[in-house]
Every structure is written in structure tokens, then in C-alpha cells.
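Engineer: Pasting the sequence and the predicted model now:
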Amino acid sequence: MSPSTPVLEAIDETLAVKRPAFEVIYDWVTTVDHKKIGIMYIVYALIFMLVGGLEAILMRIQLAVPNNHFVSPQVFNQLFTMHGTTMVFFFGMPILFGFGNYLVPLMIGARDMAFPRLNAFSFWVSAFAGLLLYFSYIGGSGLYAAGSAPDVGWFAYAPLTAKVFSPGHSTDYWTLAVLLSGIGSIGTALNIVTTIVCMRCKGMKMTRMPLLPWIYLVMSSMVFIAVSPLTAAQIMLLLDRYIGSHFFDTQAGGSAVLWMHYFWIFGHPEVYILVLPAFAFMNEIIPVFSRKAIFGYPAMVAATVAIGFISLGVWAHHMFAVGLGPVGNTLFVFSTMVISVPTGIKIFNWLATIWGGKVIFALPMMFSIGFLFQFLIAGLTGIMLSAAPFDWQLTGSYFVVAHFHYVLVGAILFATFAAFYYWYPKATGRMLNTTLGKWHFWLFLIGFHLTFDFMHIPGLLGMPRRIYTYEASRGWGTWNLIVGIGAIFQAVAVCIFAYNLIRSYFRGEPAGHDPWDAWTLEWATPSPPPTYNFAHDPTVNSRRPLWDLKHPEDPDSDYE
Amino acid sequence: MLVLSVTAVIFLIVAGLLLYALLRYRIRPNDSGREPPQIYGSNQIELAWTVIPILIVVMLFLTTTRVILGTEHIPKPSGALDVTVIGHQFWWEYRYPKYGVVTANELHVPISDPANPTPTYLEMSSADTDHSFWVPRLAGKMDVIPNRINTMWIDPEQPGLYLGQCAQYCGVQHAKMLLRVYAESPADFAKWIEQQKKPANQDFTGNPAAAEGQTVFMHNACINCHTVRGTVATGRFGPDLTHLASRDTIASGAVPNTPENLRKWIDNPNSMKPGALMPPMHLNQHDLDLITAYLITLH
């Protein structure tokens, strides 16, 4: 190993003089630097993760024992609506866009995003959308009374959102927040696509681009196609509510099923929009900690593109119980099962990357290993659900809730934690504390499995989702209690993680520019990188430019 | 079951390989510090793990399709019973068109004998928001959607009580939109349907409280929402009360049908089921007693 790669160095700006607080804040608010915007996205997402997590904890307390009176039914319905909306639109999307914003220009050797001002605009629109959603707690009932968050569920099925069934303004806050967040997402996606297509450094052909930008390219293209129908549907809903159109107004001949189609043609690609960046993190982390090149790069790219396309044609598997008829149902069973093939290829390629390597069990790798096992299980329960007859029984039950939390938490959140431990040193110049990190990992792992393994069982026993209480005689109590205990473990782990993020920023070990002995361009510049990223525009000859520099006797460019 | 075993086998193989690779190739304390051999891919192996999953998927798809067609394309036997199911915010209405019977929340069906099947065909729609009819031990769920008619059938062979509930979020009291299916022998079912076909009880001999209660009921807003067949009460927003006393539960399965619960419910439905759409009637204690006395005679 050659720990020092003194190339492409720039002036270390971390030693700059201390500036007054106002100047620093002004600097952050007005910045168009992709790294600062990326960090703001991530911090903002983390705050919403804590809020959404708190909502989850409150729900688990309510459900821990049968016939509980911890919160009222109205409050419970608001909690699950806000939890879902927050976690998808104000934690999942922004945190992944945050990492994308931060990493994509660095990894392709660019100095910034293609449209820095659009980037800042998208961030602030998304941030405003999150605040708007939570402002509903104050303004949701208009002048009538305070405190009415939306309670229509995160997929807000029509006609429950119609004025008759949802009076007041809480549903409007939901609609507008989702609408604005969609505009922000489309802006950032546009930016990422343009940056990747136009701003790669010298020598970086598409076939030499690291897998992370590749995946962000596919993911951002999907955002265009998936988020647009959602945005359109929100506008139609507003028209229904305010100027008396009848798109979804079933009392006047509108269609409830139309909303479901609009929502899920967004909703299912959205799952892949969220999970693809998780794959991207794995593609960077697993090779570095196995000390091997990624296995089957072309297949990984092809699988990503395939997932992107197929995911646009699977949405109606959320609607097997709507009564689409046998032809529609079989079609969507097929597309849903087919998407498991490219996903399987990815898992096999990660396995092959580990095979024959030298696996280092550092924190990013530990979270990645958690990801691999949990994603495998999530994928397999997904195949089970894709069989429509099985789904008729289990859709809308806790089995489905457990399945998609396995994807969102077991896979995406674990991958995101891995990404934090991996790139935090780059963004701050300091390592995260390993002891605290191990506490975080083990507590979170135990909590995750207590919660989401056991959540499958009440689903199989017939417990539907979104109920605020249940009778003791149904036999769901014990399982829900275990689920609730797991949630406490996860909450403690997340607090440790948050503490670690803050503490290490001030007191962490200095990281140096390449603490993991990695191979992609972001490690060739100081930590944190200067505003201009690279002092000299880099030139690359292969997919792993730093490998070539560290091993001039055996460069990758000989094999590609 | 096939799906379950296939996924279990895949899980064991892949998880096993993964675990093996992680342990076998972990870095040793006495590591030489040299990088392992770099392998960039292998077309044969990658082709294998593309083609094998495709074959598995095709197999799973074909078996699934067979089940779907078997469930959705099946000729309706002549002995089938038709029931119309209407979902309401937060209760179920059942109509037996052939018998002119209307009831709520508790569905009675005959058990079916495989030699001479008498399945129940449900024709479903909603009066307000989306609901979903789910009795786990009888069938999968089917959404109940306004402006749309969905159908499904159930075919219980064992007599008994099957519990279920609404499985599509429909508003505040989604959690207490429970439903009960009573599968009965053909004789018991015939007896039940005969009883339900009769108009409401009008015989209050020896029970002046009930007679007075009927008067109070008929002179209050109750009749705007509830039907009691054979009287002026013909409302359709709330459950049909013609044979209320023959049901085991009230409030859509939320509480047992006892005179105390009934009285508490009429006084203030929100105390038992916050968010229920029946308004508190603001009756005085005396009228409450009378109406309860009347309702418990509606066998």
C-alpha cells in the first residue's frame, strides 16, 4: 500500500482564520458551492429524520399494548401521515440528493455542478416545503383552531382528500409541501444529469466513470419521469379542492383509481430512486474495504439502467387488490418479478467483489454487510409479495409495512450510515469516533431486527396497517410490544450517531486526504476539499485513477 | 407455498455464500500488506447468474398466473348466494337482494359443501371513501372503491365466526371498522334469513317503556339516518336497525351489543369510537332509557 498520493494537491484551507458568526451564516445562506449545498441538504435531512423518528416512536408506544389510550385516533392518523411524508420527501430524497450534490462533481473531477444557482434554488425550495408541511400544525385548521396536521396517509388516496372528507387546510399543506418538494427534486435531478453528461474531467469517458455518478445519472433521469406525474396530480387535487373540478371527486363522477395510478407511477419508481443511491454507496465502499476492483462493472451499469426502465412499469403491484382484472394483474406480476433479475445481478457482483479479497471490517464495511443481508431478505419478501394471490392476502397489512421498512431502513438507511462513516472524513477532515460508531452499529442492528423481523408476524396474523389500536383478543399484542422495544434501541443508536457527528466535528482524529486508501478522485484532494475542488483539472486513464497512481506497475488502464 | 420455498432456498444459498466469503476472505492480522489479485469480471459467471434467475422468475410467473386465472375466471355455481357490500365511514352495509334483507357489519353466509358448492358472491362498492374488505381466513382482500363495482367470492367450508376488518385507510375510525362473517349450516342460515326478512317488531305487550321508546325514536332525528322496516324510519346514512337486537355487536364490531353499551352509544358515540359520524343526540336520561328499551326489542 502507498498511503500518500501527493498528486492533485491544493492549498489546505482548514487553517483559515476564524470569522464572525454572522459572516459564516451569510456565507452558508448565499452559497452556490455544491459541497456546502450538499452538506446543508444532509443536515436538513438529518433534522427531519429525527422528527420522523420521533413520530415513529410515538406510534410504537401507542401500539405497544392493545387498547392503548396514549394518543387519540386523530393524532395517530396525523402521526403516520407525517412520518411517511417526512421520511420519503424530507429525509430520503434530500439526504440522497445531498450526497449526490457533494460527491458527483468530486468524483467526476468537476469544479462545481453545471447550474450552481439552480442548485441553491432547489435546496431552498425543498427546505421551504419541509417547513410548510410542519407549519400545518399551526395553520392547518385555518382560522378555526390550531393544531391540525394532515391525516390522509402518505399516499393520500382520493376521495379522502376531497373537501367533504378533509375540511380545513391540513390537506392543502400536504399537497403544497409535496408539490414544492417535487419542484426542488426535479431541479436537482436536472442539475445532476447535466453535470454528469457535460462536466466530466479529461479522460473520463462514460465507460470510465465511477459507478456512483452512473447511478445518480439513472436515478436523476427517473426523477423526471416519476415526480412529474405526482406534481401534476397535486395540481389536479388543488383544482378539485378549490375550483370545483372533478378529477378525483367520486361524488361527481371522478375516479379514485386515477389518483392511485398517478400516485404509484410516482411511488414505485420512487422506491428505486431511493434505493439506487444506496447501491451507489455500496459500489464505492465494498470494493475499497475488500481491496478489489468492483466485479463486473459493465454488468453493474447495465443492471442499473435496466432497473431504471423496468421500475417505470411496476407501479400497479400496489394495486393488486383494486380489481384491475386478471390481465392487468398478471402483467404487473411479471414486471415486478423481472426487476428482481438485475437486482440479483448486483447482489451477486458484490459477493464476487468480496470473494478473493481482503475484507477490512471498518465501520463503513460493517454497515455495508448489514445492508447486504437485509437487502437480500427485503428482496425475497418482495418476490413473495409480487405474486398477486399472496399479495391479496398481505397487501395493506403489517407484512407489507415490515417489507418496505426492510428496504428503506435495512437497506437504504444502513447504506446511508455506511456512507456517513465513509465520506464524513472527506467532508470535515476528521474521522468519526470508532467506539461510538460500533455502539451505533450494534444497537441499531439489534433494534432493527427486533422491530422489523417481528413486524412481519402480526401482518401474517391479519393485522392491517394504519390502525390506532386493536383488541387484545386478536393476539397481536406481544409482537407489537417487541416491535416497540426494538424502536427504542434504534432511537438510542440514532442519538449516539448524532452525538458522534457533532463531537467528531470538533474533536475527531484528523483524517488526512485519503484515510481509506481508496481509488476515486474525491480522495485526491484535501479534506475538506477547497471551494474549487481540484487545484489542477485531473486527467484519468481508468475507472480507478488513484489505483493507477498507487500502482504504476499494474495500472487498471491495462485491463479496460 | 412454492414461492415461499423458492425464496427460502435462494436466501439460504446466497446468505451462505456471503457469510462464507466474508469469513474466508477477512483480512488476517499477519497480512502481507499487498493488495489481493484484481479481478474485473467474468462473462461466463455473470451470464450464469443472469440466466438462472430469469428461469426462476419465469417459473414463478407461470405458477402465479395459473392461480390468478383460477381465482378470477371461474364459472359461478347455480347455488351461489349474492350479497351487495357497501362500505361506509366506518361501518359495513350488507344487502341480500334476493331476500330483501339489509343488515350491517355482521355478514351471515351458508357454509359450502364441495359436492354442491354454495359460495357467496360479493358485489362491492363504497358510499364515501376507499375501504377494503378483508377476512384473512376466508379470502384475500378486495378494495371497496366509490364509483366502482368490485366482485369477489368466499367459500367457507367450516362453520364458525370469521373476523376481519377494513384494510384500506378510510378516515379517523379506520381502526374500528371491524367486520364479522358468520358461516352457518344451510339450515341455520335459512332460519336466520327468515327472521331477517320479517319487518321490525311492533309487539310491545307488557313492555310500555319500549312502546314509548318507539315514539321517542320516531319523533327524533334518528329516522333521518336509520331504517326500521315497517315504520316511518327510512334513513340510509346509518346502519339498518330493523333487527338490531339480533346482532352480537354494535359500532361495527367495536363493542358487544348489551343494553348498557347501546345506551352509552346513543348518548355519545364519540365516547366509544371517537370520530364516528353519528352525532351525540343530546337526549335526556329518561329518553335514553326509553330508546334503549325499544331498540333491544328489535330481534
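Structural biologist: Thanks, I have it. Numbers count the residues shown, from 1 in each chain, chains lettered A, B, ... in the order given.
Engineer: drop to CA atoms for contacts and neighbour counts, all remaining ones
Structural biologist: Will do.
Engineer: Residue ranges in the stretch 51-200 of chain A under the pLDDT threshold?
Structural biologist: A:140-147 (pLDDT under 70).
Engineer: For it, what lies in contact range of chain B?
Structural biologist: A:73, A:74, A:77, A:151, A:152, A:153, A:157, A:158, A:159, A:160 (Cα under 8 Å from any Cα of the partner chain).
Engineer: Name the helix or strand of the chain that has the lowest mean pLDDT.
Structural biologist: In the absence of a named chain, this looks at chain A. Using mean pLDDT, DSSP states H and E, the weakest-scoring helix or strand in chain A turns out to be helix A:388-394, at a mean of 77.
Engineer: not quite, I wanted chain B
Structural biologist: Of all helical and strand segments in chain B, the minimum by mean pLDDT, DSSP H and E falls on helix B:43-72, at a mean of 84.
Engineer: does chain A sit close to it?
Structural biologist: Yes: part of helix B:43-72 sits near chain A under the criterion Cα under 8 Å from any Cα, namely B:46, B:49-50, B:53-54, B:57, B:61, B:64-65, B:67-69, B:72.
Engineer: And the next helix or strand past that helix?
Structural biologist: Scanning forward in sequence from helix B:43-72 by DSSP states H and E, the next helix or strand is strand B:81-88.
Engineer: The next helix or strand after that next one pairs with which strands, parallel or anti?
Structural biologist: Using DSSP H and E, the helix or strand that directly follows strand B:81-88 along the chain is strand B:91-96. If you go by DSSP bridges, strand B:91-96 pairs up with strand B:81-88 (antiparallel), strand B:101-104 (antiparallel).
Engineer: I'd like the distance from the first one to the chain centre, please.
Structural biologist: This means strand B:81-88. Centre-to-centre, strand B:81-88 and its host chain are 11 Å apart (Cα atoms, centre = their mean, to the nearest Å).
Engineer: Need the contact partners of that strand.
Structural biologist: Residues outside strand B:81-88 that contact it (Cα atoms under 8 Å, 6 or more residues apart in numbering or on different chains): B:92-98, B:118-131, B:144.
Engineer: Return the distance of the residue of chain B most remote from its centre relative to residue A:201.
Structural biologist: No residue in chain B sits farther from the centre than residue B:32, which is 65.1 Å out by Cα atoms, centre = their mean. Distance, residue B:32 to residue A:201, using Cα to Cα, to the nearest Å: 35 Å.
Engineer: next one: residue A:414
Structural biologist: Going from residue A:414 to residue A:201 by Cα to Cα gives 31 Å.
Engineer: Next: residue B:165.
Structural biologist: Taken as Cα to Cα, the span from residue B:165 to residue A:201 is 59 Å.
Engineer: Could you report the neighbour count for residue B:206?
Structural biologist: Burial of residue B:206 is recorded as 8 neighbouring residues (other Cα atoms under 10 Å in any protein chain shown).
Engineer: Give me the secondary structure label for it.
Structural biologist: Secondary structure state of residue B:206, per DSSP: H, G, I helix; E, B strand; the rest coil, is coil.
Engineer: Can you pull the poorly scored residue ranges out of the stretch 1-150 of chain B?
Structural biologist: Applying pLDDT under 70 to the stretch 1-150 of chain B flags the ranges B:1, B:72-73.
Engineer: I figured residue A:334 hits residue B:63, correct?
Structural biologist: No: in this structure, residue A:334 is not within contact of residue B:63 by Cα atoms under 8 Å, at 11.3 Å.
Engineer: who's more crowded, the two?
Structural biologist: Neighbour totals were compared for residue A:334 and residue B:63, and residue A:334 leads with 23 against 13 (other Cα under 10 Å).
Engineer: pLDDT value on the more buried one, please?
Structural biologist: Looking at residue A:334, its pLDDT is 88.
Engineer: Report the spatially closest residue to it, excluding sequence-adjacent ones.
Structural biologist: Spatial nearest neighbour of residue A:334, excluding adjacent residues (Cα to Cα, 6 or more residues apart in numbering or on different chains): residue B:61 at 6.1 Å.
Engineer: Tell me which residues touch the one you found, please.
Structural biologist: A:333, A:334, A:337, A:387.
Engineer: so residue B:270 sits in a helix?
Structural biologist: Yes: per three-state DSSP, residue B:270 lies within a helix segment.
Engineer: wait, it sits on residue B:264?
Structural biologist: No: Residue B:270 is beyond contact range of residue B:264, at 9.7 Å (criterion: Cα under 8 Å).
Engineer: Please, which helix or strand holds residue A:24?
Structural biologist: Using DSSP H and E, residue A:24 maps to helix A:21-29.
Engineer: what element comes up after that helix heading to the C-terminus?
Structural biologist: By DSSP H and E, the next helix or strand past helix A:21-29 is helix A:34-64.
Engineer: what's the one helix or strand residue A:343 maps to packed up against?
Structural biologist: Here residue A:343, judged by DSSP H and E, is contained in helix A:340-354. Packing partners of helix A:340-354 (3 or more Cα pairs under 8 Å, 6 or more residues apart in numbering or on different chains; DSSP states H and E): helix A:256-290, helix A:297-310, helix A:363-386, helix B:2-24, helix B:43-72.
Engineer: Need the CA coordinates for it. PDB is fine.
Structural biologist: Written as PDB, here are the backbone C-alpha positions of helix A:340-354 (Å, rounded to 0.1, in the frame of the first residue of the first chain):
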ATOM      1  CA  SER A 340     -35.500  -9.000  -9.300                       C
ATOM      2  CA  VAL A 341     -33.100 -10.200 -12.000                       C
ATOM      3  CA  PRO A 342     -31.000  -7.000 -12.400                       C
ATOM      4  CA  THR A 343     -31.200  -6.500  -8.600                       C
ATOM      5  CA  GLY A 344     -30.000 -10.100  -8.200                       C
ATOM      6  CA  ILE A 345     -27.100  -9.400 -10.500                       C
ATOM      7  CA  LYS A 346     -26.000  -6.600  -8.300                       C
ATOM      8  CA  ILE A 347     -26.000  -8.700  -5.200                       C
ATOM      9  CA  PHE A 348     -24.000 -11.500  -7.000                       C
ATOM     10  CA  ASN A 349     -21.500  -8.900  -8.200                       C
ATOM     11  CA  TRP A 350     -20.900  -7.600  -4.700                       C
ATOM     12  CA  LEU A 351     -20.500 -11.100  -3.500                       C
ATOM     13  CA  ALA A 352     -17.900 -11.700  -6.200                       C
ATOM     14  CA  THR A 353     -16.200  -8.500  -5.300                       C
ATOM     15  CA  ILE A 354     -15.700  -9.700  -1.700                       C
END
